[in-house]
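> Test case, fold it:
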Amino acid sequence: NGSMYQVVGTLELNFDGHQNYTNYYRELDLEQAVFTTTYQLDGVTYKREVFASQPDQVIVVRLTADKLGKLSFAAGLNGTLQKTAAALDSHTLEMTGLSGSHEGISGQVKFNARARIINKGGTVAADS
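Just a heads-up that it's a prediction; the model follows:
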């Protein structure tokens, strides 16, 4: 990547069977600094809320469904600067890498990005 500012990677969330949603709505609340997405599928309303805290070095994604047992997804980390990606345990994904070259200078910034899954009810499992 030729830019001084580089994306570490992408947190991918895959909601199997959610292709035929309805009532899709997105909102950015500038006062609360929260990005919200809602949609409906099979009588269930799904909601995704996202905010970032620079002092805490964290991006939070809160996923909810208005009916019990209806929220299921697969999560993964990847990116072009990635060297390794693995599940450290059933609740933690880790991706390591090295920044890309810029103006002929090889990347020198090592990074370690982690995604922590905190569930309220239900189960969490990890695989390759």
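
> Quick one: classify Gly17 as helix, strand or coil.
What DSSP: H, G, I helix; E, B strand; the rest coil gives for Gly17 is coil.

> Name the nearest residue to it, ignoring sequence neighbours.
Take Gly17 and drop its neighbours on the chain: the residue closest to it by Cβ to Cβ, 6 or more residues apart in numbering is Leu41, 7.9 Å away. Just so you know, the C-beta spots here come from the backbone N, C-alpha and C atoms, and that holds for glycine as well.

> so what does the biggest strand by length in the chain touch, helix or strand wise?
With DSSP state E setting the assignment, residue counts place strand 44-53 as the longest strand in the chain. Applying 3 or more Cβ pairs under 8 Å, 6 or more residues apart in numbering; DSSP states H and E, we find strand 44-53 packed against strand 34-41, strand 58-65.

> and the gap between the residue of the chain most remote from its centre and Leu81?
Ranked by distance from the centre of the chain (Cα atoms, centre = their mean), the top residue is Gly104, with 31.4 Å. Taking Cβ to Cβ, to the nearest Å as the measure, Gly104 falls 18 Å from Leu81.

> neighbours around Tyr25, how many?
Neighbour count of Tyr25, defined by other Cβ atoms under 10 Å: 10.

> pretty sure it is touching Thr45, no?
No. Using Cβ atoms under 8 Å, Tyr25 is not in contact with Thr45, being 10.1 Å away.

> Name the residues contacting each of these two.
Thr38, Tyr39 (Cβ atoms under 8 Å, 6 or more residues apart in numbering).

> Who are the contact partners of the residue nearest in space to the middle of the chain?
Taking Cα atoms, centre = their mean as the criterion, Leu11 is the residue nearest the geometric centre of the chain, at 3.4 Å. By Cβ under 8 Å, 6+ apart, the residues touching Leu11 are Ile59, Val61, Ala75, Gly76, Leu77, Ala115.

> can you list those in a markdown table and add distance to Asp127?
Below are the contacts of Leu11 laid out as a markdown table (distance: Cβ to Cβ, whole Å):
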| residue | distance to Asp127 |
| --- | --- |
| Ile59 | 24 |
| Val61 | 21 |
| Ala75 | 11 |
| Gly76 | 10 |
| Leu77 | 14 |
| Ala115 | 15 |
